[in-house]
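*Asks:* Build me a model:
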Amino acid sequence: MTTTRNAVVVGAGIGGLTTAVALRRRGWDVTVLERAPSLEPVGAGIALAPNAVRALATTGVGDRVHELAALQGPVGIRRPDGDWLVRGDAAMAGEAATVLLHRARLVSLLTDELPDASLRLGVEVVGVDPGGPDKPATVTTGAETWSADLVVAADGIDSPARAALFPDHPGPVYSGATAWRFVTDRPVIVQPAETWGRGAVVGLTPLADGRVYGYLTATLPERTRFDDELGELRRRFADWHDPLPALLAALRPDQVLHHDLRWLRTPLAHYHVERVALVGDAAHAMPPNLGQGGAQAIEDAVVLASVVADAGTEQLPAALASYTDRRRDRTRRIARTSARIGRMTTWRSPTAVRLREVGMRAAGRWALPRAARRLDGILGWQPPA
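*Replies:* Numbers count the residues shown, from 1 in each chain. Coordinates of the predicted model:
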């Protein structure tokens, strides 16, 4: 007689929900604990690169992701005056395309795959015990203790589970840039691209319903905040190319999110402790410059579900060691690459920015396919069979 194995997932972000869905498809009984009282994702879009789309296909939501998403079209990098520095077509990255959708849509697709009873909201985890080879892991909340064959820490960049399991780790550090994000109320026609200025980046991306997801970064001291965040954006980007000034003029203050960009510059030695596995930002928070943060969390989820699929309870610690082996080097490499790109966007010196622009122009159209080939190891990733 087969005993159903049970898992507790701490955190109902994209990484945690994907893990829960992937484990359920492998026959696990899963409970997701989320401290927020409701699942109302922030007003932001997400770009799912081909590797993330393939991973989601293994969870059963791949077709619906394509139905609800926009496919990325022409891409490139512009100057603040609108002049193109590098321009090409997303198809240069290969036969698979990046798809764009609102985070709320992705969260909804994933929660639709979970029974209502498996998702516990408004539950704050205050302790995690990793257990051992012959001892289950436990998760303690304010009201009760959960015992599980497997605990998945998907509790974000400031993961309390990571802090408890790796008390000597320095934690996340500031990347040097802060970011604002928004989604417009109404459809607007834009060309998907990034614009690089002096210590600032703007990205505009159309969603499937025609609304626009935008992100703006600036090189500022950590924890810099403004009494009027939207007014600061309108002032700071007033002379940038259309349609950015008009988009900012039409926003309400409550539509703008502001967060510092942080990452785990010091990587974890491993992504598991006994019967606890860490996924997503809890394991390897990275700068956003490659658009791979969410993708790597989704990859984590399907790889973790794969390695524990046939593991008995006594074999789980060894299976989680295999999870670390499969994920550690790849995610470290992607985080370092993203950080290198991010440093270039923080340059403020007019001379350095001018040299950067000259280099981009000199590279010309061949730069995008060459970059795509370099990224093939990232975008070409295939999920476990």
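
*Asks:* residues near residue 322, how many?
*Replies:* 16 (other CB atoms under 10 Å). All C-beta atoms are positioned from the backbone trio N, CA, C, and that covers glycine.

*Asks:* Show me which parts of the helix ranked longest in the chain are buried, residue by residue.
*Replies:* Under DSSP state H, the helix in the chain containing the largest number of residues is helix 316-345. Using 16 or more other CB atoms under 10 Å as the test for burial, helix 316-345 gives 316-317, 319-320, 322-324, 326-328, 330-331, 334-335, 337-339, 342, 345.

*Asks:* Please name every helix or strand in contact with it.
*Replies:* Packing partners of helix 316-345 (3 or more CB pairs under 8 Å, 6 or more residues apart in numbering; DSSP states H and E): strand 173-183, strand 257-263, strand 272-273, strand 276-278, helix 281-284, helix 293-307.

*Asks:* Buried deepest among those, which one?
*Replies:* strand 276-278 (a mean of 30; mean count of other CB atoms under 10 Å).

*Asks:* can you list contacts of that one?
*Replies:* The contact list for strand 276-278 (CB atoms under 8 Å, 6 or more residues apart in numbering) reads 128, 130-131, 137, 150-154, 159, 161-162, 165, 268, 271-272, 304, 320, 323.

*Asks:* Name only those of those that count as buried.
*Replies:* 128, 130-131, 137, 150-154, 159, 161-162, 165, 268, 271-272, 304, 320, 323.

*Asks:* hang on, the earlier thing: among the contacts of strand 276-278, which are in helices?
*Replies:* 161, 162, 165, 304, 320, 323.

*Asks:* Include distance to residue 63 and pLDDT when you put these into TSV, please.
*Replies:* Below are the ones in helices among the contacts of strand 276-278 laid out as TSV (distance: CB to CB, whole Å; pLDDT from 0 to 100):
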residue	distance to residue 63	pLDDT
161	33	97
162	34	97
165	37	97
304	23	98
320	31	97
323	27	98
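
*Asks:* Looking at the residues you listed, which one is closest to residue 80?
*Replies:* Within these, the smallest distance to residue 80 is 38.3 Å, found for residue 162 (CB to CB).

*Asks:* in terms of contact, does that closest one touch residue 284 like I think?
*Replies:* No - Residue 162 is beyond contact range of residue 284, at 10.3 Å (criterion: CB atoms under 8 Å).

*Asks:* between the two, what contacts are shared?
*Replies:* Common neighbours of residue 162 and residue 284 (CB under 8 Å, 6+ apart) are residue 268.

*Asks:* for the closest residue in space to residue 261 that isn't next to it in sequence, what are its contacts?
*Replies:* Excluding its sequence neighbours, the residue lying closest to residue 261 (CB to CB, 6 or more residues apart in numbering) is residue 175, at 4.4 Å. By CB under 8 Å, 6+ apart, the contact set of residue 175 is 260, 261, 262, 263, 287, 339, 342.
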